[in-house]
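> Fold the following and give me the result.
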Amino acid sequence: MPTDQSIINKARTEGRVLLSEIESKELLTDVGITVVQTRLAASREEAISIAEKFGLPAVLKIASPEITHKSDAGGVKVGLRTAAQVGEAYDDIMTAAKKSYPGKVISGVSVQKMCPAGIEVIMGMSRDAQFGPVLMFGLGGILIELLQDVSFRIVPLTKRDAREMIREIKSYPVLTGYRGRPAADVSKLEDMLLKISAFMENEQEIQELDLNPVFAYTDAAIAVDARIILREKFKSHD
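Presented below is the predicted three-dimensional model:
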């Protein structure tokens, strides 16, 4: 399925290379990658309305094309179980963001339903100058920084590549039901890797892609957060 170029064209027109979480998720949804439905709220009332429509508990995150690390300075609120908590979280995030990032463009907050806890994995892609798109897989969340237990493959992936890159990380037993914990449906993770591979192979505008975390369940896999960075425009060397 072709990428929705209107999202990329809008970012280009505005001089941005960083797509918003919502824009990133829209592109991924278009190519069949399962993500948590997310919407932008530009007011307290809108945040409450969206949260109630999606179903509580909710997660709110600062939405800004100029703020990369959302969790810094109180930019993320999770486990919001009532409309009052959602409204209070909206106010807190906006106040903290304006204080910590004066002068930055703040669009509002992104609102999504809070997913049940699952096994956290990360899937990412960067475009290497020599090899082209390179795909990464590993355990997600804080463990990615602690363990550095990841595998890599050059795009395009085959089914065998996707299967092997999941199984070759040292932490693979975590996905198989380690010490009685629920096992993940590894086939869902393989399918997601293959869809990312096809996406990156067909879309030359993208420089980096991060899905962290992806929650892996016994019967599903869903990306909770997503970030896409576009390539810098090529410069003429005439």
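
> Tell me where this structure has helices.
Taking DSSP state H, the helices of the chain run over residues 5-13, 21-30, 44-54, 83-100, 143-147, 159-167, 172-175, 186-202.

> Packing partners of the third one?
Translated: helix 44-54. Where contact means 3 or more CB pairs under 8 Å, 6 or more residues apart in numbering; DSSP states H and E, helix 44-54 is packed against strand 38-41, strand 58-63, helix 83-100, strand 108-113. Glycine gets a C-beta too; all of them are placed from N, C-alpha and C.

> Quick check: neighbours of the shortest one in the sheet, parallel or antiparallel?
Using DSSP bridges, the strands paired with strand 38-41 are strand 108-113 (antiparallel).

> In CSV, list the C-alpha atoms belonging to the partner strand.
Taking Å, rounded to 0.1, in the frame of the first residue of the first chain, the C-alpha atoms of strand 108-113 are listed here in CSV:
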residue,chain,number,x,y,z
GLY,A,108,-1.3,20.3,22.6
VAL,A,109,-1.3,16.8,23.9
SER,A,110,-1.7,13.4,22.2
VAL,A,111,-4.3,11.2,23.8
GLN,A,112,-4.4,7.4,23.7
LYS,A,113,-5.9,4.5,25.6
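
> Please name the residues that touch Arg39.
Ile22, Ile50, Phe54, Ser110, Val111, Gln112 (CB atoms under 8 Å, 6 or more residues apart in numbering).

> neighbours around Arg231, how many?
Residues lying near Arg231 (other CB atoms under 10 Å) number 12.

> Next: Asp210.
Residues lying near Asp210 (other CB under 10 Å) number 18.
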